[in-house]
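**Q** 3D model of this:
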Amino acid sequence: MTVTYIYHSCYLIEFDEFSLLFDFYEDALREDGTYWIADYLLNKDEDLYVFCTHSHSDHFNPEILSWRDNKSNIRYIFSDELLESKCTDVNAAVYLKKEEYFKDHRIKVKAFGSTDIGCSFMIRYNDQLLFHSGDLNKWHWRDEVSAEEALTYENNFLCELELITEKSDKLYLAMFPIDPRLGKDFMLGGEQFISRIKTDYLVPMHFGENYDKVNQFEAIAAENGCTYLPITKRGQSFRL
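**A** Predicted structure coming up:
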């Protein structure tokens, strides 16, 4: 498995026979000056699954729907929130509501909730579980809202974690928001996630260009038996 950070909340996961792409927003350059998605991924022969967790513009780029014009072996798997928000039509994708699933001959996908809009996705391939959080996070905004509001956000997040825990003994890889905009406790959601759900590897999302700040999570991950993969640039890849 090769995991590549594209940008923001977009990760590319490649296996020998197929690839998974999550929440495409902007492309990233490869070392040879070509683009990861436009020049590399869309010209691969292998099957491609394209996921979208919700309709926010930093998670959904309508460009993805045009990819099927030149690549026939694409399967789109979207949150049903995109259909409700009229960003896509009913024939564009497989749409999942919370706790619904999609299954084919190689992967099984289950939709979980979010603490914003849309959903998060858990993907099972062979004996490994992968999780893309979308905008599921502890968006407490403690520096901006009342203590009562912050507590409501926390309770919503913990309820979603409980549902995920019921369906997973262990995650092999989690893609999770570690967003410095939250203020001094910006890593708290990620810490609660890996302390509640056994996770082998975690990669961060939703951190902009704040590489140094987000990579502070490495120490917290280690304390919880999780290997954090530090991101230093767009287009960075890890072989797991």
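**Q** any idea how many residues pack against the residue nearest to Ser114 when sequence neighbours are not counted?
**A** The shortest distance from Ser114 to any non-neighbouring residue, by CB to CB, 6 or more residues apart in numbering, is to Leu136 (4.7 Å). Heads up, the C-betas are built off the backbone N, CA and C, glycines and all. Using other CB atoms under 10 Å, Leu136 is surrounded by 27 other residues.
**Q** dump the residue contacts of Leu136.
**A** Leu136 makes contact with 112-116, 120, 157, 160, 177 under the criterion CB atoms under 8 Å, 6 or more residues apart in numbering.
**Q** of these, closest to Phe207?
**A** Nearest to Phe207 among these: Pro177, at 7.8 Å, using CB to CB.
**Q** phi, psi for that closest one please.
**A** phi -70, psi 130 (degrees, to the nearest 10).
**Q** which strands and helices sit next to the lowest-mean-pLDDT helix or strand in the chain?
**A** The helix or strand of the chain with the poorest confidence is helix 147-167; it has a mean of 87 (mean pLDDT, DSSP states H and E). The contact analysis (3 or more CB pairs under 8 Å, 6 or more residues apart in numbering; DSSP states H and E) places helix 147-167 against strand 107-112, strand 120-125, helix 188-196.
**Q** ok, and what's touching the second one?
**A** Same thing as strand 120-125. For strand 120-125, contacts defined as CB under 8 Å, 6+ apart pick out 15, 20, 22, 51, 53, 77, 96, 106-114, 129-134, 136, 160, 164, 167-168, 171.
**Q** now do the buried residues in the least confident helix or strand of the chain.
**A** 150, 153-154, 156-157, 160-161, 164 (16 or more other CB atoms under 10 Å).
**Q** just put the residues you listed in JSON lines and tack on distance to Glu209.
**A** Formatted as JSON lines, those follow (distance: CB to CB, whole Å):
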{"residue": "Ala150", "distance to Glu209": "26"}
{"residue": "Tyr153", "distance to Glu209": "25"}
{"residue": "Glu154", "distance to Glu209": "28"}
{"residue": "Asn156", "distance to Glu209": "29"}
{"residue": "Phe157", "distance to Glu209": "25"}
{"residue": "Glu160", "distance to Glu209": "28"}
{"residue": "Leu161", "distance to Glu209": "28"}
{"residue": "Ile164", "distance to Glu209": "29"}
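**Q** pick the one among those closest to Glu223.
**A** Leu161 (18.0 Å).
**Q** and that closest one, what does it touch?
**A** By CB under 8 Å, 6+ apart, the residues touching Leu161 are 192-193, 196-197.
**Q** try Tyr49
**A** Here Tyr49 is in contact with 18-21, 74-77, 107 (criterion: CB under 8 Å, 6+ apart).
**Q** thinking again about what came up before, what about the least confident helix or strand of the chain, distance to the chain center?
**A** Relative to its chain's centre, helix 147-167 lies at 18 Å (CA atoms, centre = their mean, to the nearest Å).
**Q** that older thread, got phi/psi on the residue nearest to Ser114?
**A** Leu136 adopts backbone torsions of phi -70, psi 110, taken as degrees, to the nearest 10.
**Q** report pLDDT for it.
**A** Among the per-residue scores, Leu136 holds a pLDDT of 96.
**Q** from Phe15, how far out is it?
**A** Leu136 sits 24 Å away from Phe15, taking CB to CB, to the nearest Å as the criterion.
**Q** then Leu161?
**A** The value you get for Leu161 to Phe15, if CB to CB is used, is 27 Å.
**Q** likewise for Tyr49?
**A** For Tyr49, the distance to Phe15 - CB to CB - is 10 Å.
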